[in-house]
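Chemist: Just need the structure, nothing else, for what follows:
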Amino acid sequence: MKRWILGLALALIWTGPAAAQTADTAPTAQIVPAVPGQQIYLPTVDETAPDTEQWNRVFGQVWVRNVSKPSLYPVMPKNGRGNGQAVIIMPGGGFSFVSIESEGFWVAERLAAEGYTAFVLKYRPRPTPEAPDAFLVQISREFQALGRVEERLDPAADTPVHARDIAYEPAADDLAAAIALVQSRADEWGLAPDQIGVIGFSAGAMASIQLIEDYEEASALAHVGLIYPPMWLSIEGGPRPDLFFAIAVDDPLFARNDLSMVQAWLKQSDDVEFHLYSGGGHGFGMRPQGTTSDLWIEQYLAWLAAR
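Modeler: Numbering: from 1, shown residues only. From the prediction side, this is the model:
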């Protein structure tokens with residue numbers, strides 16, 4: 001199998017179908033300029049250090065990689081329509097990049113339209129080669145290796161699998177710092193400090209789970225959204241904020257049909273909203289799939305309003 005075909009197959013698992021991608025068209029990582037706009041560096045960032053991040057368009061989506069200075073992009077409600085609630089958005093990307101558009105800015109814009117103050121977290125993924133072609137080769141190898149890790153850490157074995165076993169700790173560190181930052185500036189932004197939530201997609205959901213287990217900042221969360229994480233992860237310890245959970249039946253991370261994570265949460269929380277869609281694959285984010293998974297954002301908003 002040609003290397004680029006392997007890369008395409010693996011990327012489709014993690015980022016969903018690529019529009020207008022044909023079998024005889026090799027994927028590319030087109031360099032695009034950074035999205036302009038205000039960003040707030042996390043307190044741990046040395047703002048004098050050089051930026052190493054790269055913005056690429058791959059499979060029609062904007063990804064950010066090699067982030068050295070994690071930051072938050074605030075997306076505020078317009079015309080003073082804020083409801084005092086904040087949501088920190090943690091995009092996915094297999095910890096090799098940040099899917100900052102479909103699982104970041106587009107989500108934030110929809111939340112802001114309903115009065116929520118949204119913050120898109122540009123966190124630190126693992127380093128990748130600077131050259132776009134070399135980057136595609138690396139992520140192909142990483143996702144191939146990830147499949148072997150999942151097999152080796154099969155939850156059917158006696159030892160449970162935790163997010164920290166397969167996640168990337170700097171990403172969880174950045175999420176913890178983002179929660180602390182939003183809480184510390186809640187008055188400035190007109191937010192209730194006890195109404196801060198997080199929604200994580202794929203790798204972002206894994207980092208959110210790691211945060212719950214291992215970081216004291218998790219106690220500040222009023223709610224958490226987990227969108228297509230590995231269903232077989234175990235969660236031990238930490239708080240159990242209100243949970244919104246969504247995944248599709250045809251998602252490879254639901255291949256084992258494992259509902260143990262949701263069932264365990266139900267035993268420890270009074271508010272769990274779970275959506276299992278009949279289609280949508282992995283990484284649908286805000287990109288229409290023509291399946292009922294397209295409705296997830298409206299259902300998430302309805303759940304937030306009803307809490």
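Chemist: who touches the residue nearest to residue 76 when sequence neighbours are not counted in this structure?
Modeler: Spatially, and ignoring its direct neighbours in sequence, residue 76 is nearest to residue 117 (5.8 Å; Cβ to Cβ, 6 or more residues apart in numbering). Quick note: C-beta positions are derived from backbone N, CA and C, even for glycine. Applying Cβ atoms under 8 Å, 6 or more residues apart in numbering to residue 117 gives the contacts 74-77, 82, 85-87, 189-191.
Chemist: In ChimeraX, how would I select the buried members of those residues?
Modeler: Entered in ChimeraX, the line below selects the buried ones among these, by 16 or more other Cβ atoms under 10 Å:
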select :74,75,76,77,82,85,86,87,191
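Chemist: In strands, which of the contacts of residue 117 appear?
Modeler: Mapping the contacts of residue 117 onto strands (DSSP state E) picks out 74-75, 86-87.
Chemist: and of those residues, the nearest to residue 135?
Modeler: Closest approach to residue 135 among the ones in strands among the contacts of residue 117 (Cβ to Cβ): residue 75, at 27.5 Å.
Chemist: That closest one contacts residue 112, correct?
Modeler: Yes: counting by Cβ atoms under 8 Å, residue 75 does reach residue 112; the two are 4.7 Å apart.
Chemist: Give me the common contacts of these two.
Modeler: When contacts are counted by Cβ under 8 Å, 6+ apart, residue 75 and residue 112 are jointly contacted by residue 118.
Chemist: From residue 225, how far off is residue 244?
Modeler: 4 Å (Cβ to Cβ, to the nearest Å).
Chemist: Check residue 298 too.
Modeler: For residue 298 relative to residue 225 (Cβ to Cβ), the value is 13 Å.
Chemist: now swap in residue 266 and tell me
Modeler: Distance from residue 266 to residue 225, by Cβ to Cβ: 16 Å.
Chemist: One more: residue 40?
Modeler: Counting by Cβ to Cβ - residue 40 and residue 225 are separated by 22 Å.
Chemist: more neighbours, the two?
Modeler: residue 225 (26 against 15; other Cβ atoms under 10 Å).
Chemist: Next, that one: phi, psi?
Modeler: phi -110, psi 130 (degrees, to the nearest 10).
Chemist: Residue 247 is in contact with that one, correct?
Modeler: No: if you go by Cβ under 8 Å, residue 225 and residue 247 don't touch, sitting 11.6 Å apart.
Chemist: Switch the contacts of residue 117 over to a markdown table; also include pLDDT.
Modeler: Formatted as a markdown table, the contacts of residue 117 follow (pLDDT from 0 to 100):
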| residue | pLDDT |
| --- | --- |
| 74 | 96 |
| 75 | 95 |
| 76 | 94 |
| 77 | 94 |
| 82 | 93 |
| 85 | 97 |
| 86 | 98 |
| 87 | 98 |
| 189 | 95 |
| 190 | 95 |
| 191 | 97 |
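Chemist: ok, the contacts of residue 117 vs residue 209, which is closest?
Modeler: residue 87 (17.1 Å).
Chemist: wouldn't the closest one be in contact with residue 120 here?
Modeler: No: contact criterion Cβ under 8 Å: residue 87 and residue 120 do not qualify, at 9.9 Å.
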